[in-house]
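A.B. asks: okay, predicted coordinates and the sequence, questions at the end:
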Amino acid sequence: DAKTTQPTSMDCAEGRAANLPCNHSTISGNEYVYWYRQIHSQGPQYIIHGLKNNETNEMASLIITEDRKSSTLILPHATLRDTAVYYCIAQNRFGNEKLTFGTGTRLTIIP
Amino acid sequence: GAVVSQHPSWVICKSGTSVKIECRSLDFQATTMFWYRQFPKQSLMLMATSNEGSKATYEQGVEKDKFLINHASLTLSTLTVTSAHPEDSSFYICSARDQSRPTEAFFGQGTRLTVV
């Protein structure tokens, strides 16, 4: 799996958009960008994934640069419940492959 | 949606005893499950890959005789921490993929183990 780099921590005001960056400069052509988050003392939760096109679901949007070397997860209207550690992972899409977690970004939503 | 359930959510045990943690896929079958360990303020570290009907595959540095994994059915994997010591106190998390929806991994809620 390609290595990913994320900022250690970020703050965002409640109601504003939270933009979480991730660098994955060594990502290979068949690797997708996945985002998971972990709320304190819970198991991780899948958020979104993409290959090269921008993706949106009910939780977030994922913007991937054209060269695929970086991406940004966008939480459009952050709430206090979005306070969590967010993990960006590059991985092949299918199969019973293990997920390798980096240090992630600790996002704190400020009231 | 797919659900992975762990039991117990938390457990306190005496040093030297063994503790079993269960991981169940509630609405799908999982030929493979994964066990992670997470120490405070650290990321998840993969311990082993649990394969239904065969031996688990352990990551480097994880003692297979200490962390016994059994995956006897397509919906249940167990992790037994044998002869637990205080340094085994951690947050243990299991994960599985629904093969009909292989793009995302589902995680249990985690088990907080405290060894006293």
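C.D. replies: That came through, no problem.

A.B. asks: low-confidence ranges, chain B, go.
C.D. replies: For chain B, the stretches flagged by pLDDT under 70 are B:1-2.

A.B. asks: kindly recompute the last result at 90.
C.D. replies: B:1-2, B:30-32, B:51-54, B:72, B:97-105 (pLDDT under 90).

A.B. asks: and the strands in it?
C.D. replies: Remark: strands assigned in chain B by DSSP state E are B:4-7, B:10-13, B:19-25, B:32-38, B:45-51, B:57-58, B:67-73, B:76-81, B:90-98, B:101-107, B:111-115.

A.B. asks: could you say what helices and strands the fourth one packs with?
C.D. replies: Looking back up the chat, that one is strand B:32-38. On a contact count with 3 or more CB pairs under 8 Å, 6 or more residues apart in numbering or on different chains; DSSP states H and E, strand B:32-38 meets strand B:19-25, strand B:45-51, strand B:67-73, strand B:76-81, strand B:90-98. Where you see a C-beta, it was placed from the backbone N, CA and C, and this is true even at glycine.

A.B. asks: tell me who's in contact with the residue in chain A positioned nearest to chain B.
C.D. replies: Chain B sits closest to A:G43 of chain A, with a gap of 3.3 Å, by CB to the nearest CB. Each residue near A:G43 by CB atoms under 8 Å, 6 or more residues apart in numbering or on different chains is listed here: B:V4, B:Q6, B:I93, B:C94, B:S95, B:F107, B:G108, B:Q109, B:G110.

A.B. asks: what number of residues lie near the second one?
C.D. replies: Neighbour count of B:Q6, defined by other CB atoms under 10 Å in any protein chain shown: 19.

A.B. asks: quick one, what contacts it?
C.D. replies: Going by CB under 8 Å, 6+ apart, B:Q6 touches A:G43, B:I21, B:E22, B:C23, B:R24, B:Y92, B:I93, B:C94, B:G108, B:Q109, B:G110, B:T111.

A.B. asks: list the contacts of stretch A:83-90.
C.D. replies: Contacts for stretch A:83-90 (CB under 8 Å, 6+ apart): A:1-4, A:6, A:20, A:22, A:24, A:27, A:31-40, A:44, A:47, A:71, A:73, A:99-102, A:104-109, B:43.

A.B. asks: same check on stretch A:91-104?
C.D. replies: With contact meaning CB under 8 Å, 6+ apart, stretch A:91-104 is reached by A:1, A:3-6, A:8, A:30-32, A:34, A:36, A:38, A:44, A:49, A:51, A:85-89, B:31-32, B:34, B:36, B:43-46, B:49, B:95, B:97, B:102-103, B:105.

A.B. asks: just the buried ones from those residues, in PyMOL syntax?
C.D. replies: Per 16 or more other CB atoms under 10 Å in any protein chain shown, the buried members of these correspond to this PyMOL selection:
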select buried, (chain A and resi 1+4+6+31+32+34+36+38+44+49+85+86+87+88+89) or (chain B and resi 32+34+36+44+46+49+95+97+105)
